[in-house]
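> Dropping the sequence and predicted coords here.
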There are 2 protein chains.
Amino acid sequence: MSVIESKILLKKERQLEIIHQINLHNKILSSDLSLILNVSEDTIRRDLNELALENKIVKVHGGALSKSYNVSATQADTYAYDEKKVIATKMIKLIKDGMTILTSGGTTMRAIANQLPNNLHVTFFTVSPLISLELAEHPNVEVIFLGGKISNISKISVGGEVVSKINDIKADLCVLGINGFDQEGISDSDYEVVQVKKAMIKSSRQVVATTISEKLNSDLRLRVCTLNEIDYLITELSPENELLKPYKGLVKYIL
Amino acid sequence: MSVIESKILLKKERQLEIIHQINLHNKILSSDLSLILNVSEDTIRRDLNELALENKIVKVHGGALSKSYNVSATQADTYAYDEKKVIATKMIKLIKDGMTILTSGGTTMRAIANQLPNNLHVTFFTVSPLISLELAEHPNVEVIFLGGKISNISKISVGGEVVSKINDIKADLCVLGINGFDQEGISDSDYEVVQVKKAMIKSSRQVVATTISEKLNSDLRLRVCTLNEIDYLITELSPENELLKPYKGLVKYIL
DNA sequence: GGTTTAAATGCCTTTTTCTGCATCTTTCAT
DNA sequence: ATGAAAGATGCAGAAAAAGGCATTTAAACC
C-alpha cells in the first residue's frame, strides 16, 4: 500500500500515484484524488487530462476510469458466450436418444441448440423462433414450434393458446433459460413469459434450469417456480463452487 | 466487480452497469434500474437514450432490450438483395392500417418484413420463424406464429395442424414468396410447403405473389395455384417490361 | 550563489454538464 | 374509450470543467 506522506510529490510521482489508484479501484473521483494527494482539484484535472491524452486512463465527468474497465465498442457477440458453451456441454449430457424436450428461449438455450451433436434423435418443442431455427439445422432433430402471439419483448410465443398447447404435451425434459434465480426459486419479470414457463414445468417429467452464475442470487418481480420443482441446476461453475453452496440440498442435482 | 460499492457512480460507470444488467437479463425496466442504481428514472431514461443512440441497446417503452437478437445471416448478403428491396417497396404500398396479412417465408418476404414502416398497425400471421422475428422488431405489428413441425428444408412450420389453423383465419392479404412461376401458375417442389401455401391462398381475400424476375417462367413439380387465383404479381421489373408481357391479362395487377 | 526562465500550481470567473423536479404529451392496458 | 404509466421537455441548483491570470517553484544557466 502506498502511504501518502505530507511530503510534496513531484508531478510525475503524483501521476503515477493516480494511475496506481485507478488500477486499484477501476475508478477514481477528482475530489478524492485532491484529498489524497493534497493538491487542488484543478491540478488533478490537469493531470487527468494529460494521462487521458497519453491514453493511460479514460477521463469522465467527475473523475476517471481504468481503460480495461471500459467496454470495447464492439460487444456484438453474445454476452458471456464461453460460459454458455460450458453450460451447453453439461446440458447435452442429459439428453438421450428418443427424448421429448420442451424448451424456452434465451441465449443460453441458443448455445445449447447450437452445440447439439448431430447424431441425436430427439423431438424438441419450443416457443422460440430463434431456437427453432437453430434446432432445425440438426438433421435428426424434430422441431415442433408452439405457435401463438410473438411477444415483442421476449421474442417467444405467448398467450393462452400456447399455454393450453403445452398442457397437452408430456415431455421428458424441460430446459429453462433463467433470468432470476435465488433460494426462493426461479423468477422472471415478464408476466406472459412466466405463464409459459410455468406450463412447461408442469408438462415435463424433469426440469433443468440453466444459467450463468452471474444471474444467481437475483430476484425478479414474478415467481416462476420454487427450487423443489427443479431437478437440475446447471451453471458454468464447478458443482463445488462456493457460489452454489446455498443451493445444495435445495435442488436435486447441481451440475 | 459488478458489485455496487460506493453509493455514487460516475455517469459512465452507471451506463456500463446498465449495459451489464441488460446483457444479463436481456431486458430491463427503467424503474428497476432506478432502484438498483439509486438515481431518478429521468436520469435512467437519459442514459438509455444515449446508449440507444450509440447503438448499444434497444430502447422500448418502459425499459430497454439487449441488442443481440440478430440472426446469423445478415440481410445484406442475401441473394439479389437490391431486387428484393424494390419488390418490398412495391409490396408495402398495398398494406393499409388494420389489415390482417398471411405470409409465408423466403428471403423476399424477409426483405419486406425488414422494410416495413414502423407506423403501420397490422396483424401478421406467419409460418416462418425468421419472418416472425423480423416482424416482431416493429412495435406496432402484431405477429402470430402458426405453430407446427418445422420443416428442416424450408424452415417453415408445416403439417395438418398448421393447415387447419390457417383454415380458421380470414385474412385481407396473402403475401407469397414464389419458387416456380409460369403461365400455368405458381409451383413448388416441397409437398408440405404446397399444402400450407394452398391453405393460405384459400383463406385470404387477395393474393400477392412476389418474386425476382429470375424465377419467372420456371416450372416445379407441384402446383400451388393457377394464375387467376392471384391478384397481384410483384417483381423488381417495371410492369411494362418485356418479360412480364406473357402474364398480361392472366394476372389482375402486375406491379 | 544568484538570476533567469519556463513550468507548475492555485484561485477566480465563465461555461458546461449533470440531475431531479414539475409540467405536458404520448403510449399502453383494461 | 379512459385512466394510469412512461416519455419528453424546460428549468434550476449543484457540481465539474475550462481558461485566464498571478504567484510560486523548480530547474538551468551564468
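That came through fine.

> Just list whatever residues bridge to the nearest residue to A:Tyr253 once chain neighbours are set aside.
The shortest distance from A:Tyr253 to any non-neighbouring residue, by C-beta to C-beta, 6 or more residues apart in numbering or on different chains, is to A:Tyr232 (4.8 Å). From N, CA and C alone the C-beta is placed, and that goes for glycine too. A:Tyr232 has these beta-bridge partners by DSSP bridges: A:Val208, A:Tyr253.

> ok, A:Tyr232 touching A:Ser204?
No. Counting by C-beta atoms under 8 Å, A:Tyr232 stays clear of A:Ser204, with 11.6 Å between them.

> For these two, indicate the residue with more neighbours.
A:Ser204 (25 against 19; other C-beta atoms under 10 Å in any protein chain shown).

> what are the phi and psi values for the more buried one?
With angles defined as degrees, to the nearest 10, A:Ser204 sits at phi -120, psi 140.

> and the gap between A:Asn38 and DNA strand D?
From A:Asn38 across to DNA strand D, the span is 13 Å (C-beta to the nearest atom of the strand, to the nearest Å).

> Can you name the residue of chain A nearest to chain B?
A:Gly147 (2.5 Å; C-beta to the nearest C-beta).

> Show the contacting residues for the closest residue to that residue other than its chain neighbours.
Nearest residue to A:Gly147, sequence neighbours excluded (C-beta to C-beta, 6+ apart): B:Gly147, at 2.5 Å. For B:Gly147, the contact set (C-beta atoms under 8 Å, 6 or more residues apart in numbering or on different chains) comprises A:144-148, A:157, A:162, A:165, B:157, B:161-162, B:165.

> Take these and keep only those in strands.
Applying DSSP state E to the contacts of B:Gly147, the entries found in strands are A:144-145, A:148, A:157, B:157.

> what's the most distant pair in those residues?
Across the ones in strands among the contacts of B:Gly147, the longest distance by C-beta to C-beta is 13.0 Å; it joins A:Ile144 and A:Gly148.

> List, one by one, the residues from chain A near DNA strand D.
Selection of chain A residues close to DNA strand D by C-beta under 7 Å from any atom of the strand yields A:8, A:10, A:29-31, A:41-42, A:45, A:49, A:59-63.

> Looking at the residues you listed, spot the one nearest A:Asp172.
A:Val60 (52.0 Å).

> In three-state terms, label the closest residue to A:Val86 other than its chain neighbours for me.
Leaving aside its sequence neighbours, A:Val86 sits nearest to A:Glu236 (C-beta to C-beta, 6+ apart; 4.2 Å). Per DSSP: H, G, I helix; E, B strand; the rest coil, the secondary structure class of A:Glu236 is coil.

> Would you mind giving both backbone torsions of A:Glu236?
Phi and psi for A:Glu236, reported as degrees, to the nearest 10, are phi -80, psi -10.

> List the residues that contact it.
Neighbour list for A:Glu236: A:82-84, A:86-87, A:212-213 [criterion: C-beta under 8 Å, 6+ apart].

> one more time with 6 Å, if that's ok
When contacts are counted by C-beta atoms under 6 Å, 6 or more residues apart in numbering or on different chains, A:Glu236 is found next to A:83, A:86-87, A:212.

> Equivalent analysis for A:Phe145, please.
Per C-beta under 6 Å, 6+ apart, neighbours of A:Phe145: A:132, B:147, B:150, B:157.

> Repeat that for A:Ala136.
A:143, B:150, B:152, B:155.

> Now stretch A:199-213 - C-alpha only, CSV.
The C-alpha trace of stretch A:199-213 is given here as CSV (Å, rounded to 0.1, in the frame of the first residue of the first chain):
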residue,chain,number,x,y,z
ALA,A,199,-46.9,-24.5,-18.1
MET,A,200,-43.6,-26.0,-19.4
ILE,A,201,-42.6,-27.1,-16.0
LYS,A,202,-45.9,-28.7,-15.3
SER,A,203,-45.8,-30.7,-18.5
SER,A,204,-42.3,-32.2,-18.0
ARG,A,205,-41.1,-35.1,-16.1
GLN,A,206,-37.8,-33.4,-15.2
VAL,A,207,-36.8,-29.8,-15.1
VAL,A,208,-33.4,-28.4,-15.9
ALA,A,209,-32.5,-24.8,-15.0
THR,A,210,-29.6,-23.3,-16.9
THR,A,211,-28.0,-20.0,-16.0
ILE,A,212,-24.7,-18.3,-16.0
SER,A,213,-23.5,-17.8,-12.4
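
> In it, which residues are buried?
Using 16 or more other C-beta atoms under 10 Å in any protein chain shown as the burial criterion, the residues of stretch A:199-213 that qualify are A:199-201, A:203-204, A:206-213.

> Contacts for it, please.
Residues from elsewhere that reach stretch A:199-213 (C-beta under 6 Å, 6+ apart): A:80, A:83, A:87, A:91, A:102, A:108, A:163, A:166, A:169, A:171-176, A:178, A:181, A:225, A:229-237, A:243.

> Run through who's touching the helix or strand containing A:Ile112.
For A:Ile112, the host element (DSSP states H and E) is helix A:107-115. The contact list for helix A:107-115 (C-beta under 6 Å, 6+ apart) reads A:78, A:84-85, A:87-88, A:91, A:103, A:131, A:134-135, A:177, A:210.

> again, 8 Å this time
Under C-beta under 8 Å, 6+ apart, the answer for helix A:107-115 is A:78-79, A:81, A:84-85, A:87-89, A:91-92, A:103, A:128, A:130-131, A:134-135, A:175, A:177-178, A:210-212, B:26, B:68.

> Quick check: mean pLDDT of it?
Taken as a whole, helix A:107-115 has a mean pLDDT of 89.

> Then stretch A:43-51?
On average, stretch A:43-51 scores 94.

> can you pull the buried residues of that stretch?
By neighbour count with 16+ other C-beta under 10 Å, stretch A:43-51 contains the buried residues A:43-44, A:47-48, A:51.

> what's the answer for stretch A:93-112, then?
Using 16+ other C-beta under 10 Å as the test for burial, stretch A:93-112 gives A:94-95, A:99-112.

> cool, stretch A:33-42 as well?
Using 16+ other C-beta under 10 Å as the test for burial, stretch A:33-42 gives A:33-34, A:36-37, A:39.

> Let me know the closest of those to B:Glu192.
Closest approach between these and B:Glu192, by C-beta to C-beta: A:Leu33, at 68.9 Å.

> what's downstream of the host helix or strand of that closest one, the next helix or strand?
Assigned by DSSP H and E, A:Leu33 belongs to helix A:30-37. Per DSSP H and E, helix A:30-37 leads on to helix A:41-53 as the next helix or strand towards the C-terminus.

> Would you tell me which helix is longest in chain A?
In terms of residue count, the longest helix belonging to chain A (DSSP state H) is helix A:11-25.

> and that helix with helix A:30-37, angle?
Here the directions of helix A:11-25 and helix A:30-37 differ by 120 degrees (axes from the mean of the first three to the mean of the last three C-alpha atoms, to 10 degrees).

> Helix A:11-25 vs DNA strand C: in contact?
Yes. Using C-beta under 7 Å from any atom of the strand, helix A:11-25 reaches DNA strand C at A:11, A:14.

> Buried ones in that helix, by neighbour count?
For helix A:11-25, burial by neighbour count (16+ other C-beta under 10 Å) applies to A:14-15, A:17-19, A:21-22, A:25.

> residues in contact with it?
A:2, A:9, A:28, A:33, A:36-37, A:39, A:43-44, A:47-48, A:50-51, A:56-57, A:64-66.
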